[in-house]
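> next one to model:
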Amino acid sequence: MPRRFASALVVFVALACACGGEPVKLAEKAQKLEVKPPPPAPTTVHLVVDGTSGQLGFDMEAPIEKIRGKVPASALSGEVWLDPTDLAKSRGLVRVDLRDLELFQRTAPEPGKEFGEEIKSDTQNQHARDWLEISPDTPADDLAKNASIEFALTRITAASVTDLTQVTGPERKVTFTATGDFLLHQRKAEKSVKLEATFRYDGDVLREVQVKSVEPLAIGLDEYDVRPRSGFGKLAAKTLEQMAPKVAKEAEVSLEFTARPDGKPGNPGPATAPPAATNSDPAAQPAPAPAAK
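Residues are numbered from 1 along each chain as shown. Model (predicted):
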């Protein structure tokens, strides 16, 4: 075996061992997600995400550091196409803008020791922006792309209820598994997450849907090329592996939002139960009112 090839092989094996096994496969490159709405149907309703309630949050826990991150409701947007008679037909796209991201940190002196009080560290928040490439030195075009998180719902499975018209009451809760593409840092990969949706009705009229995570969605930082950086496009000297056990390699993401029918022309308004069948027998129809004299 040539000496140069042997040396390269040793380096590759050493890197693989340092990473704890096979090299992490990066998610597919993408700038944005798109969802094809379901075919038009009388029972389908179009909803828009309310930007005044809900939030996206995440937790990163390591032996000597715990990080909690959040973005406000104003960072949320998106739309949902919902068929109350068959939830499996539903589709949606939820977007989150990371530019108002806030991080809070708790640290311990060493593994196994008690964690201190949670604080908001300006340094920690700057590091997060460097890693995500949304720092102040990021070009505007790249900033807009890197700051966008998106989840495109393509299918619903394991729903506790599939037909909401068969359920009564002003609040109808459904748990289900939502599957679709998750976009972060201009990379996308298919993910599944367990959600709970509360459908609020006035009689038979759907007024709003509140969706929240039942279990957090684990997102690997390496998979989405989120790694130590010292600025836009500048990898730091230390890798994510070398920074362990201080830094977690996954973020546990949770989401909560409310969506309401938009009622715009050309879009279905509030969803209602299908109209009752009419009797076509003329004898069964009420007689016309007598004409006024």
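> please, which helix or strand holds the spatially most central residue of the chain?
For the chain, the residue nearest the mean C-alpha position is Phe151 (4.7 Å; CA atoms, centre = their mean). Taking DSSP states H and E as the criterion, Phe151 maps to strand 148-157.
> output the contacting helices and strands for whichever helix or strand comes after that strand.
Downstream of strand 148-157, the next assigned helix or strand under DSSP H and E is strand 171-184. Applying 3 or more CB pairs under 8 Å, 6 or more residues apart in numbering; DSSP states H and E, we find strand 171-184 packed against strand 148-157, strand 187-202, strand 217-220. Every C-beta, even on glycine, is put in place using the N, C-alpha and C of the backbone.
> mind redoing it with 7 Å?
Strand 171-184 sits against strand 148-157, strand 187-202, with contacts defined as 3 or more CB pairs under 7 Å, 6 or more residues apart in numbering; DSSP states H and E.
> as JSON lines, those with distance to Gln124 and mean pLDDT would be great.
As requested, those are arranged in JSON lines below (distance: least, CB to CB, whole Å; pLDDT from 0 to 100):
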{"stretch": "strand 148-157", "distance to Gln124": "19", "mean pLDDT": "97"}
{"stretch": "strand 187-202", "distance to Gln124": "23", "mean pLDDT": "97"}
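> and the gap between Gly220 and Glu79?
28 Å (CB to CB, to the nearest Å).
> and Gly203, by the same measure?
25 Å.
> okay, those two: which has more neighbours?
For Gly203 versus Glu79, neighbours defined as other CB atoms under 10 Å are more numerous around Glu79 (18 against 9).
> quick one: contacts for the more buried one?
His46, Leu47, Val48, Val49, Gly92, Leu93 (CB atoms under 7 Å, 6 or more residues apart in numbering).
> what helix or strand does His127 sit in?
Using DSSP H and E, His127 maps to helix 122-132.
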